[in-house]
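A.B. asks: Okay, here's the prediction I keep looking at, along with the sequence it came from:
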Amino acid sequence: MLRPEAFLLPSSNSELFCLFHRGSNPSRPSGAVVYIHPFAEEMNKSRRMAALQSRALAAAGFAVLQIDLSGCGDSGGEFLDSTWSGWIGDIVVAARWLRDATQCVPWLWGLRAGCLVAGEAAARIDGVSGLLYWQPVHSGTHHLQQFLRLRIAGQLTGGRAGERVGATALRAELSRGVAVEVGGYRLSPAIAAGLDAAKLASIPADSRVVVLEVSATDPPELTPASRSLVDTWRAAGHDIVAQAVTGVPFWATQEITACAPLITVTQAAIGGSR
């Protein structure tokens with residue numbers, strides 16, 4: 001097994017913890033990929049799948065850079081002090097580093113809300129080979145609302161009826177510049193505002209996009225939101241690959257799990273790129 005190299009990459013916000021998979025042919029990599037993890041606890045639930053896919057891509061000759069965004073995982077800084085624009089800057093720094101290290105124009109591979117970060121970062125990077133979106137979040141507003149509901153669910157299970165606070169009240173706190181605690185994370189107004197404004201609507205001109213989703217239906221199907229967006233992008237002339245595979249939502253399951261078909265389809269979708 002090819003073992004990744006761990007190192008800290010300086011960013012304007014902090015030092016970013018990175019795992020660099022050089023690939024099976026470091027002198028002539030098949031391509032390069034930067035992984036952008038999802039938001040909050042979804043990041044931890046997805047670590048196994050991110051590692052499995054990174055190893056598979058490395059075995060196929062790709063160089064892969066996994067990073068923890070500022071204030072997340074093993075990177076420097078605190079989640080509370082992070083900003084949405086800072087996270088986008090982290091990806092710009094990571095993509096430039098990987099391009100210099102491999103001489104390959106990188107793919108940006110996002111998972112869930114990581115797709116929102118990838119889409120905004122792509123517009124600030126001097127060229128990307130493509131965007132790989134796993135189970136993309138389309139609306140940051142909707143994703144923030146779901147995240148805030150975790151606080152409400154925690155209150156219900158905790159039995160603290162007199163202390164219950166709704167999503168509207170939490171949003172009001174954030175709008176006043178007050179951080180709120182949700183699911184063990186101190187959510188800052190800066191991160192909330194950035195997520196709230198993010199949309200997966202536009203992509204850079206001439207970009208190739210791969211949209212892959214996990215589905216519980218038989219046969220597997222893309223979500224309606226993804227089907228609609230894929231149709232819009234194709235009508236605008238973009239090169240889009242879109243497919244769903246059967247599996248469970250590994251980013252949200254109680255136990256850590258994986259989805260082997262997603263790895264296989266990903267390999268096929270970007271395996272011929274340079």
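C.D. replies: Received the coordinates, thanks.

A.B. asks: Just the buried residues of the one helix or strand A269 maps to, please?
C.D. replies: According to DSSP states H and E, A269 maps onto helix 260-270. Neighbour counts over helix 260-270 (16 or more other Cβ atoms under 10 Å) mark P261, L262, I263, V265, T266, A269, I270 as buried. Yep, even glycine has a C-beta here, placed from its N, CA and C like the rest.

A.B. asks: is it possible to export those to a markdown table including distance to D196 and pLDDT?
C.D. replies: Listed next are those as a markdown table, based on distance: Cβ to Cβ, whole Å; pLDDT from 0 to 100:
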| residue | distance to D196 | pLDDT |
| --- | --- | --- |
| P261 | 33 | 97 |
| L262 | 28 | 98 |
| I263 | 32 | 97 |
| V265 | 31 | 97 |
| T266 | 29 | 97 |
| A269 | 31 | 94 |
| I270 | 31 | 89 |
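
A.B. asks: ok, back up a step: can you name the residues in contact with the helix holding A269?
C.D. replies: By Cβ atoms under 8 Å, 6 or more residues apart in numbering, the residues outside helix 260-270 that reach it are 31, 33, 49, 52-53, 56-57, 60, 107, 130, 132, 134, 210, 212, 214, 241, 243, 245-247.

A.B. asks: next one: stretch 13-25
C.D. replies: Stretch 13-25 is contacted from outside by 2, 4-10, 29-30, 54-55, 57-71, 73-77, 82-83, 86, 89-90, 93-94, 101, using Cβ under 8 Å, 6+ apart.

A.B. asks: what's the answer for stretch 234-244, then?
C.D. replies: Contacts of stretch 234-244 (Cβ under 8 Å, 6+ apart): 203, 207-215, 220-222, 226-227, 230, 233, 265, 269.

A.B. asks: And those residues, which of them are buried?
C.D. replies: Buried among these (16+ other Cβ under 10 Å): 203, 207-215, 222, 226, 230, 233, 265, 269.

A.B. asks: returning to what we had before: looking at the buried residues of helix 260-270, spot the one nearest A40.
C.D. replies: L262 (21.2 Å; Cβ to Cβ).

A.B. asks: Give me the distance between the closest one and S11.
C.D. replies: Using Cβ to Cβ, to the nearest Å, we find L262 at a distance of 29 Å from S11.

A.B. asks: In this structure V33 contacts A60, no?
C.D. replies: No - taking contacts as Cβ atoms under 8 Å, V33 lies outside contact range of A60: 10.6 Å.
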